[in-house]
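K.L.:
Give the three-dimensional model of this entry:
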Amino acid sequence: QVQSVESGGGLVQTGDSLKLSCAASARSFNRYIMGWFRQAPGKEREFVAAITRSGGSTYYRDSVKGRFTIARDNAKKQVYLQMNSLKPEDTAVYYCASSDSPSTRTVEYDDWGQGTLVTVSS
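P.N.:
Alright, predicted model coming up:
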């Protein structure tokens, strides 16, 4: 089981960058696939990015490819999401979560954090 706490959100302008962090408490953090998801007002939660246990493989939704980078530090039990060239449509609450297998499906992930709000103004 992974307990996650996200941080790093804020209010930025179009084109700015932000780096989100997710601190996990699992004893065996490196056993889990870690993912970032987001939920905009009035919309369903959607996959953003995921990273495998060793960090050797990463996955992104098409709309963030080339702009967002997911990374992890297993020694620190942290997952990061570097977001560049932010757009107003990136505005959402961002969550991290864990999974036992690589997936882009929300239902495959557990132990959601409380989220961190990212607001991108135009």
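
K.L.:
So what's the residue count around Arg45?
P.N.:
Residues near Arg45, counting by other C-beta atoms under 10 Å, number 17. All C-beta spots, glycine's among them, are computed from the backbone N, C-alpha and C.

K.L.:
ok, it to Gln13 distance?
P.N.:
From Arg45 across to Gln13, the span is 25 Å (C-beta to C-beta, to the nearest Å).

K.L.:
Repeat that for Phe68.
P.N.:
17 Å.

K.L.:
Between these two, point out the one with more neighbours.
P.N.:
Ranked by neighbour count (other C-beta under 10 Å), Phe68 and Gln13 place Phe68 first, with 22 against 11.

K.L.:
list the contacts for the more buried one?
P.N.:
Applying C-beta atoms under 8 Å, 6 or more residues apart in numbering, one finds that Phe68 lies in contact with 48-49, 60, 81-84.

K.L.:
Return the subset of those lying in strands.
P.N.:
Counting by DSSP state E, those place 48-49, 60, 81-83 in strands.

K.L.:
Which among those count as buried?
P.N.:
48-49, 60, 81, 83 (16 or more other C-beta atoms under 10 Å).

K.L.:
how about the residues you listed in CSV, adding pLDDT and distance to Glu108?
P.N.:
Listed next are those as CSV, based on pLDDT from 0 to 100; distance: C-beta to C-beta, whole Å:
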residue, pLDDT, distance to Glu108
Val48, 98, 14
Ala49, 98, 14
Tyr60, 97, 16
Leu81, 98, 18
Met83, 98, 23
